[in-house]
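Engineer: just need the structure, nothing else, for what follows:
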Amino acid sequence: MRKTIFDLLGRKGKLPVSMLTAYDFHTAQTIDEAGIDMILVGDSLGNVMLGYENTLAVTVEDMIHHGKAVCRGAKQAFVVIDMPFMSYQASVEDAVRNAGRIMKETNCQAVKLEGGLEYADRIRAIVQAGIPVVAHIGLTPQSVNTLGGYKVQGKSLEKAQKLLADAKSVEMAGAFAITLECVPAALAKLITSQTNALTIGIGAGNGCDGQVLVYQDMLGYTNGYTPKFVKKYADLHSVMLEAFKQYKQECEDRIFPEDNRTYEINEEVLQELFQPELVY
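Structural biologist: Next comes the predicted model:
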């Protein structure tokens, strides 16, 4: 049975929720097999799948394309899909229309959008349309140019108060969960205690109701910059690199494919192929 909002909310203050990103069918299947509670089809696919510098170029069509694949692969995990940059910022109408497209065309269970008080009206309208919403406050990558980079949020009194207000606003608007990104651990724990929504941390300490990571980061799948909050549970980049190098060498040395990986032809057929052509 697929997990529901009520299953997840029932874990608040009891058993933390696990969440990972996925962008394709096979990864979603594997994450699902591991029993991970939630899958996020993040607009981080712009960075880790499409090679963009940031998430701003990701489109609704990109999210739907990858979201469909993930939803076909995940049978038990609760799937959330990001609303990309400018799919909801311009108007409430845009927000509802694009959220509806994403849910209808992918069969996901919720959408996620960045921003606090400023976008509470979008959250409210989307929820009223029957679409569950996960809010996202703290470091919001779609606002990277406004924030001046990827920095920890809420360290000053004023900014900490703003995050508390944002959390309360998005909860009142109907968000059942709130992603807290790059927020001091003590502040994230305080926000968690003051909201009935499920808090999901990424770089926000273990006092949240759950955790999320980009799966490429936690698997060591890339060889680029790794955020401080990421724990690498594997080193797939090194494993893949060595395998690719070995394959290249065996191709050049004619070691691969070995005889037991090839197909045979009947010797009589082969001899016939080498018979000289009859000349009349």
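Engineer: from T4, how far out is the residue lying closest to A110 once chain neighbours are set aside?
Structural biologist: Counting by Cβ to Cβ, 6 or more residues apart in numbering, P132 is the residue found nearest to A110 once chain neighbours are left out, at 3.9 Å. Yep, even glycine has a C-beta here, placed from its N, CA and C like the rest. Applying Cβ to Cβ, to the nearest Å, one obtains 10 Å for the distance of P132 from T4.
Engineer: what about the two, which has more around it?
Structural biologist: The neighbour comparison of P132 against T4 (other Cβ atoms under 10 Å) goes to P132, with 21 against 12.
Engineer: list the contacts of the more buried one.
Structural biologist: Under the criterion of Cβ atoms under 8 Å, 6 or more residues apart in numbering, the contact list for P132 reads 5, 109-111, 176.
Engineer: could you dump stretch 124-134 to PDB, C-alpha only?
Structural biologist: Presented in PDB, the C-alpha positions along stretch 124-134 are these (Å, rounded to 0.1, in the frame of the first residue of the first chain):
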ATOM      1  CA  ARG A 124      -3.900  27.800  -0.100                       C
ATOM      2  CA  ALA A 125      -5.400  27.800  -3.600                       C
ATOM      3  CA  ILE A 126      -3.500  24.600  -4.600                       C
ATOM      4  CA  VAL A 127      -4.700  22.800  -1.500                       C
ATOM      5  CA  GLN A 128      -8.300  24.000  -2.100                       C
ATOM      6  CA  ALA A 129      -8.000  22.500  -5.600                       C
ATOM      7  CA  GLY A 130      -7.400  19.100  -3.900                       C
ATOM      8  CA  ILE A 131      -3.600  19.000  -4.300                       C
ATOM      9  CA  PRO A 132      -1.500  18.300  -1.200                       C
ATOM     10  CA  VAL A 133       1.400  20.700  -0.800                       C
ATOM     11  CA  VAL A 134       4.900  20.500   0.800                       C
END
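Engineer: low-confidence ranges in the stretch 151-280 of the chain?
Structural biologist: Across the stretch 151-280 of the chain, the stretches falling below the confidence threshold (pLDDT under 70) are 276-280.
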